[in-house]
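**Q** pasting the structure only:
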């Protein structure tokens, strides 16, 4: 049997973080079926409290997915949780912003992307330029809710 994988982020603002990551990756926020959501509420299978209006559309309050428009990567779901982030991520995403580049050209491309993401609300944590055999550098960053990721 074969399975597909979805990556799930716990967060405070699923719709805001989904939009941020969609912009970061060039992906799309997956549309939610407002008619279905309304039908579930009207039938008593969901409550009004489980929904919200985001950018003029009725959506589930606690979750917002994004998808790769080419369908090549796993879906990412942002789900609302009551507690805040309390420690370092055990799993993180590597955003491949400079594939095939090395040396100064690679780091310049990563710095350019870092500046773009900081302008969107990310935080730069540190720049790493490891010694051989792992000779490609990377930049460690955090999304607007503090989830670490690497520009690679």
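**A** Cool, got the structure. These numbers come from a predicted model, not from an experiment.

**Q** contacts, neighbours, all on C-alpha from now
**A** Fine.

**Q** Nearest residue to the middle of the protein?
**A** By Cα atoms, centre = their mean, the chain has its centre lying nearest to residue 21, at 3.7 Å.

**Q** which parts of the host helix or strand of that residue are buried?
**A** Using DSSP states H and E, the element containing residue 21 is helix 14-25. By neighbour count on 16 or more other Cα atoms under 10 Å, the buried set for helix 14-25 is 14-22, 24.

**Q** can you check stretch 122-133 too?
**A** Buried residues in stretch 122-133, counting neighbours by 16+ other Cα under 10 Å, are found at 122-124, 127.

**Q** Return the subset of those lying in helices.
**A** With helices taken from DSSP state H, there is no overlap with the buried residues of stretch 122-133.

**Q** Closest to residue 144 out of those?
**A** residue 122 (5.2 Å; Cα to Cα).

**Q** what's the neighbour count on the nearest residue to that closest one once chain neighbours are set aside?
**A** Spatial nearest neighbour of residue 122, excluding adjacent residues (Cα to Cα, 6 or more residues apart in numbering): residue 143 at 4.6 Å. Residue 143 has 19 neighbours, counted by other Cα atoms under 10 Å.

**Q** pLDDT weak spots in this protein?
**A** Under the criterion pLDDT under 70, the flagged ranges of the chain are 131-135.

**Q** Against residue 147, how distant is residue 93?
**A** Distance of residue 93 to residue 147, given as Cα to Cα, to the nearest Å: 9 Å.

**Q** oh sorry, the question was meant for residue 51
**A** Taken as Cα to Cα, the span from residue 51 to residue 147 is 25 Å.

**Q** picking up where we left off before, and residue 93 and residue 147? Which one has more around it.
**A** More neighbours surround residue 147 than the other of residue 93 and residue 147, with 20 against 13 (other Cα under 10 Å).

**Q** Around the closest residue to that one other than its chain neighbours, how many other residues sit close by?
**A** Leaving aside its sequence neighbours, residue 147 sits nearest to residue 89 (Cα to Cα, 6+ apart; 6.7 Å). Burial measure for residue 89: 12 neighbouring residues, criterion other Cα under 10 Å.
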